[in-house]
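Peer 1: Got a predicted structure here, sequence first:
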Amino acid sequence: MNHQNENNRLSQGEFLLFHELLLRRTGMQITSRRSQEMGRHLWRVAAQRGMANLQVLYERLDETRTESDLWDQVISGLTIGETYFFRDSSQFEALRFHLLPEIIKRRRGERRLRLWSAGCASGEEPYSLAMLLTEIIPDLDRWSISILGTDINKESLARARRGRYKKWSFRQVGPDMVRRFFTQENDRFELHLRIKSMVNFTYLNLSEDNYPSLMTNTCAMDLILCRNVAIYLPDEQVQAMVRRFAGCLTQSGWLMVAATETDPRGFADFITRNMGSAAVYQLRSSEENQAQTAWDLEACPAAKEPEPIAPEIKTPPPRPAAPPVLRPPLTAGPDVLSQARRMMETDRYQSARCLLEQAKGNRRGTSNLWLKGARRLANLGKLAEASYWCEKSLEAEPLSAEGHHCRALIALEEGNPLLAGDHLRKALYLEPNHLAAHFSLATLYRRMGESQKALLHGRQAIRLASSLPPEQSVPEADGLAAGRIVAMLRVLLDAA
């Protein structure tokens, strides 16, 4: 890799070296047919950075964190990011007429929706979801709507946040919808603020293990769209990603991938549901882990206007109810905390709760178990139960900064930013150098558009995280390493 040839081609050895490095650091798999394109881009990066050859570029990349400017420059030229509004009409018909109405009906009581566009590129997909929701939820202002858009390409994320597009992005959109949601300025179309405000964009590398996590806002999702991402990833990476998605979804949550990515071997935790000409995946419930049942919908009507309620769903008749099992009341023994801990380790949270409510003395130990259960329940998407457990933890230990931080993260998942801010400020009052609380407050203020406050807490979090070894896990941050938190905050503050 010492000399640049006239066509900027990669030798077989050079291609394999860079291919292995990209795969290891980003999960991206570049096919050999893109070798020439890859070579041109790598030589261009090397020249712009004043590097004499690709050997220098390779060594610099190998020793630099993936979230760095250098890696951003390499990634931005190798991810295609080509998308447009309402891409794949059959899938959006399934979303419009079947999938979203089913979720909306299920969530009608609490009026809360959480959707994630993973690999969102320049934002057309999550904004399409936002436009769709405004059409099918008549009382949208009474709902707590969270739409998350993530991508590894920071240039694409910056374009998504701006919300300005050219005509080519509208090749599946009629003129009426363009007029409803965009303002035209010369050859650009700017998205209305109401739609923009419904989507939160953030950097996330899907090949890493920082999801599901309350800290990355990737828990308790009702629907995940991850379309045309698997084309970059090898099979084992795709399977690991899908397993993590399963942990991000609420019970009976949904995953939609591109039509060409529906390989059933990679979706063991899901049941395939046919919705017209589209196939989607629903997370298996505990009862469905035993056997898959049919759940197919009739073809989506092409011209019918959307209904705000779910259509009739064909399901098998209910099974006869089993006779109730009579058990003696659960009573606490002398070591009630050990009993409760054992119950939690086998996911028997109701039994653990019953025992903890009988616990006397050892307030700190009781508080810690309530808090541990709250985190687990929140990661499972059981937010009402998680809130209860967290409140019980704070009742036992009201001066716990960790308890207030956990309650804040749950409040964010519940769509209650004011309550979240209140608990985060309490956490920092009790522990001024609480790194995770500064990180969370910076994220919250960024979402609320309060840039100066986001900068204040973000810089404090960067200062605290930079004092730690980059690979050290940060307490209360769901296993995120200090170096990764610094990188995430720099992206966040650049967008503030």
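Peer 2: Nice, thanks for sending it over.

Peer 1: Not counting sequence-adjacent ones, nearest residue to L191?
Peer 2: Distances taken as CB to CB, 6 or more residues apart in numbering put G163 closest to L191, at 3.7 Å, once the chain neighbours are dropped. Just so you know, the C-beta spots here come from the backbone N, C-alpha and C atoms, and that holds for glycine as well.

Peer 1: for T443, same thing?
Peer 2: L492 (6.5 Å).

Peer 1: got the contact list for the residue nearest to L191?
Peer 2: Residues in contact with G163, defined by CB atoms under 8 Å, 6 or more residues apart in numbering, are G123, Y127, E190, L191, I195, K196.

Peer 1: Pull up the distance across stretch 59-79, start to finish.
Peer 2: 21 Å (CA to CA, to the nearest Å).

Peer 1: buried sites along it?
Peer 2: 60-61, 66-67, 71-79 (16 or more other CB atoms under 10 Å).

Peer 1: got it, and stretch 10-25?
Peer 2: For stretch 10-25, using 16+ other CB under 10 Å, the buried residues are L10, E14, F15, L17, F18, H19, L22, L23, R25.

Peer 1: Does the fourth one touch E59 like I think?
Peer 2: Think L17. No - L17 lies out of contact with E59 (CB atoms under 8 Å); the separation is 10.6 Å.

Peer 1: which residues in the stretch 51-200 of the chain form helices?
Peer 2: In the stretch 51-200 of the chain, helices defined by DSSP state H, counting those that start in this stretch lie at 54-63, 69-78, 89-94, 100-107, 124-136, 154-162, 175-181, 193-196, listed in chain order.

Peer 1: thinking again about what came up before, most neighbours out of the contacts of G163, which is it?
Peer 2: Most neighbours among these, by other CB atoms under 10 Å: G123, with 28 neighbours.

Peer 1: Show me the beta-bridge partners of L255.
Peer 2: I224, Y281 (DSSP bridges).

Peer 1: Settle this for me: it is touching T272, isn't it.
Peer 2: No - counting by CB under 8 Å, L255 stays clear of T272, with 10.5 Å between them.

Peer 1: Now the common contact residues for the two.
Peer 2: Counting by CB under 8 Å, 6+ apart, the residues touching both L255 and T272 are V280, Y281.

Peer 1: picking up where we left off before, tell me the one among the contacts of G163 nearest to G479.
Peer 2: Using CB to CB, G123 is the member of the contacts of G163 that sits closest to G479, with 28.4 Å.

Peer 1: pLDDT below threshold where in the stretch 1-150 of the chain?
Peer 2: The stretch 1-150 of the chain contains residues with pLDDT under 70 at 1-7, 80-82.

Peer 1: Strands along the stretch 251-400 of the chain, start to end?
Peer 2: Here the stretch 251-400 of the chain has its strands, by DSSP state E, counting those that start in this stretch, at 270-275, 278-283.

Peer 1: re earlier: okay, the helices of the stretch 51-200 of the chain in JSON lines with distance to Y349 next?
Peer 2: Shown next, in JSON lines, are the helices of the stretch 51-200 of the chain (distance: least, CB to CB, whole Å):
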{"stretch": "helix 54-63", "distance to Y349": "45"}
{"stretch": "helix 69-78", "distance to Y349": "41"}
{"stretch": "helix 89-94", "distance to Y349": "34"}
{"stretch": "helix 100-107", "distance to Y349": "21"}
{"stretch": "helix 124-136", "distance to Y349": "32"}
{"stretch": "helix 154-162", "distance to Y349": "37"}
{"stretch": "helix 175-181", "distance to Y349": "43"}
{"stretch": "helix 193-196", "distance to Y349": "38"}
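
Peer 1: Tell me which of those lies nearest to M344.
Peer 2: Within the helices of the stretch 51-200 of the chain, the stretch nearest M344 is helix 100-107; the backing value is 27.0 Å (CB to CB).

Peer 1: Name the residues of the closest one that are buried.
Peer 2: L100, P101, E102, I103, I104, R107.

Peer 1: Go ahead and confirm the last one touches D222.
Peer 2: Yes - taking CB under 8 Å as the definition, R107 is a contact partner of D222 at 6.8 Å.

Peer 1: Could you say which helix or strand holds G421?
Peer 2: Element membership for G421, per DSSP states H and E: helix 417-430.

Peer 1: Give me the distance between the next helix-or-strand element following that helix and the centre of its chain.
Peer 2: Heading C-terminal from helix 417-430, the first helix or strand you meet, by DSSP H and E, is helix 435-447. Computed by CA atoms, centre = their mean, to the nearest Å, the separation of helix 435-447 from the middle of its chain amounts to 17 Å.

Peer 1: Equivalent analysis for stretch 94-111, please.
Peer 2: 19 Å.

Peer 1: That one: end-to-end distance?
Peer 2: Stretch 94-111: ends 21 Å apart by CA to CA.

Peer 1: Can we start the residue count at 16 from this point?
Peer 2: Sounds good: first residue 16 from here, last item stretch 109-126.

Peer 1: does Q44 count as helix, strand or coil?
Peer 2: Assigned by DSSP: H, G, I helix; E, B strand; the rest coil, the conformation of Q44 is coil.

Peer 1: Pull the number of nearby residues for it.
Peer 2: Around Q44 there are 16 residues (other CB under 10 Å).

Peer 1: Now do the contacts for it.
Peer 2: Residues in contact with Q44, defined by CB under 8 Å, 6+ apart, are H34, L37, L38, Y247, L248, P249, Q252.

Peer 1: cool, and D87?
Peer 2: Applying CB under 8 Å, 6+ apart, the residues near D87 are N168, K169, E170.

Peer 1: Take those residues and lay them out in JSON lines including neighbour count and pLDDT.
Peer 2: What follows is these, written out as JSON lines (neighbours: other CB atoms under 10 Å; pLDDT from 0 to 100):
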{"residue": "N168", "neighbour count": "22", "pLDDT": "87"}
{"residue": "K169", "neighbour count": "20", "pLDDT": "86"}
{"residue": "E170", "neighbour count": "16", "pLDDT": "86"}
